[in-house]
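> Pasting the sequence and the predicted model now:
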Amino acid sequence: MTKNSIKLLQNWLNNYDTIILHRHVRPDPDALGSQLGFKALLQKMYPNKKILATGETVDNLAFIGSMDEVQDSDYQNALVIVLDTANAARIDDARYHLGDKLVKIDHHPPVENYGDINIVDTTVSSTSELIAELLMQFGFGQDYLNTEIAERLYIGIVGDTGRFLFNNTSPRTMEIAGMLLSYDFDHTKMLNQMSQRTLESMHFQGYVLQHFSYEDHVGFIFITEDILQQFKISANDASLFVNSISDVAGIEAWVFAVDEGNQIRARIRSKRAPINTLAARYNGGGHPMASGATVYSKEELEQLISELKSTVKE
């Protein structure tokens, strides 16, 4: 992230009448918090512009905000901004390239510089924290913040820091979170909404705890389509339980794999050894301690787990 790129972004925000915001598929709280928080911020900064957010709706995170119905014609002479997405293959809504200019704003290690401007800062906890920092870089301070913006950015920061338990939580993270909390929103209610689960999903969590495997300080579980149907849970909702086994004594890393029909989505987590390079070898990527990968057979999944065990031993 350079001063020149921030200045150019600010110029483009001033000059374009339509701004369309994208983020990654299978959105988490930070993807939605940064996208919808930035949307609300831009609406306050530019009340006469058309500011749109596109992507799939996720039921359990609908409380963060809703998506817009974006038409193909909206992309004509539009500025497109993609948030919280390291590589173009993971961008939700393939029309992101139809605009006049493309900006990437992200905090993941830079896998692909697909934007005309790439504003990437891997030192921040989340893209939501980065949006708050950009507001300061624009020179506006808190002038354009309000309760709606603060609420959305806060939930994004909380999501990517694991409620401030992960090691990506810095003094600056806490400073920004404290600033956002000065606005009048019920953060306790919001955190409860984020962690709320259906009865079926809680039964599913019990299945996970009973059936995961553990060898060589690595935990792993493979959720088949039959199991998803048995517990009436979607693949996306199942993935919310990726950290269910994280408190096992001695565990260093784990894989939570879900069969999505044409592919197996493997979420990889680690407490010590970086695993984003491993994820990149399996059609994925992400943070050093939290990444995702995609494999296409059980055998390939077993190979990934084997390599994870080797990574932990190094």
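Happy to help now that I have it. Numbering: from 1, shown residues only.

> mind listing the strands in the stretch 201-314 of the chain by residue range?
213-215, 218-223, 253-259, 264-270, 285-286, 290-295 (DSSP state E, counting those that start in this stretch).

> can you check the stretch 1-150 of the chain too?
Assigned by DSSP E, counting those that start in this stretch, the strands in the stretch 1-150 of the chain fall at 18-23, 50-53, 79-83, 101-106, 117-120.

> what pLDDT, on average, does the first one get?
In other words, strand 18-23. What strand 18-23 shows for mean pLDDT is 98.

> circling back: would you turn the strands of the stretch 201-314 of the chain into a markdown table with mean neighbour count, mean pLDDT and distance to residue 194?
For glycine as for every other residue, the C-beta is placed from the backbone atoms N, C-alpha and C. Output for these, formatted as a markdown table (neighbours: other C-beta atoms under 10 Å; pLDDT from 0 to 100; distance: least, C-beta to C-beta, whole Å):
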| stretch | mean neighbour count | mean pLDDT | distance to residue 194 |
| --- | --- | --- | --- |
| strand 213-215 | 12 | 97 | 28 |
| strand 218-223 | 22 | 98 | 21 |
| strand 253-259 | 23 | 97 | 18 |
| strand 264-270 | 23 | 96 | 17 |
| strand 285-286 | 22 | 82 | 20 |
| strand 290-295 | 22 | 93 | 17 |
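
> Minimum distance to residue 176: which of those has it?
With C-beta to C-beta as the criterion, residue 176 lies closest to strand 290-295 of those, at 20.2 Å.

> so how far is the closest one from its chain's centroid?
Strand 290-295 sits 13 Å away from the centroid of its parent chain (C-alpha atoms, centre = their mean, to the nearest Å).

> who does it touch, helix- and strand-wise?
In terms of contacts (3 or more C-beta pairs under 8 Å, 6 or more residues apart in numbering; DSSP states H and E), strand 290-295 is packed against strand 264-270, helix 276-281, strand 285-286, helix 298-313.

> If we use 6 Å, what do you get?
Strand 290-295 is packed against strand 264-270, helix 276-281, with contacts defined by 3 or more C-beta pairs under 6 Å, 6 or more residues apart in numbering; DSSP states H and E.

> any chance of those in CSV, plus distance to residue 197?
Listed next are the helices and strands packed on strand 290-295 as CSV, based on distance: least, C-beta to C-beta, whole Å:
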stretch, distance to residue 197
strand 264-270, 17
helix 276-281, 26
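
> ranges for the helices of this protein?
All helices of the chain, identified by DSSP state H, fall at 3-15, 29-45, 127-137, 147-160, 171-181, 187-195, 199-211, 225-230, 235-238, 276-281, 298-313.

> coming back round to it: would you turn the strands of the stretch 1-150 of the chain into CSV with distance to residue 305?
Output for these, formatted as CSV (distance: least, C-beta to C-beta, whole Å):
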stretch, distance to residue 305
strand 18-23, 29
strand 50-53, 37
strand 79-83, 31
strand 101-106, 28
strand 117-120, 30
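
> Between those, which one is closest to residue 210.
Closest approach to residue 210 among the strands of the stretch 1-150 of the chain (C-beta to C-beta): strand 18-23, 34.3 Å.

> Buried residues, the closest one. List them.
Of the residues in strand 18-23, 18, 19, 20, 21, 22, 23 count as buried by neighbour count, 16 or more other C-beta atoms under 10 Å.

> low-confidence ranges in this protein?
Scanning the chain for pLDDT under 70 picks out 1.

> domains for it, by residue range?
For the chain, the domain assignment from automatic domain parsing gives the residue ranges 3-193, 199-313.

> now, of the ones you listed, which is deepest in the fold?
When you average the neighbours per residue for each of those (mean count of other C-beta atoms under 10 Å), domain 3-193 leads with a mean of 19.

> what about that one, distance to the chain center?
Using C-alpha atoms, centre = their mean, the offset of domain 3-193 from its chain centre is 10 Å.

> Then stretch 288-302?
That offset, for stretch 288-302, works out to 18 Å (C-alpha atoms, centre = their mean).

> Need the distance between the two termini of it.
One end of stretch 288-302 sits 21 Å from the other (C-alpha to C-alpha, to the nearest Å).

> Relative to residue 30, which of the strands of the stretch 201-314 of the chain is closest?
That would be strand 290-295 among these, by C-beta to C-beta, at 11.0 Å.

> From residue 66, how far off is the closest residue to residue 39 other than its chain neighbours?
Distances taken as C-beta to C-beta, 6 or more residues apart in numbering place residue 53 nearest to residue 39, at 4.8 Å, with adjacent residues excluded. Computed as C-beta to C-beta, to the nearest Å, the residue 53 to residue 66 distance reads 8 Å.

> can you check residue 250 too?
Residue 250 sits 43 Å away from residue 66, going by C-beta to C-beta.

> any idea how far residue 293 is from residue 41?
33 Å.

> now do residue 282
Counting by C-beta to C-beta, the gap from residue 282 to residue 293 is 4 Å.

> Thanks a lot, see you next time.
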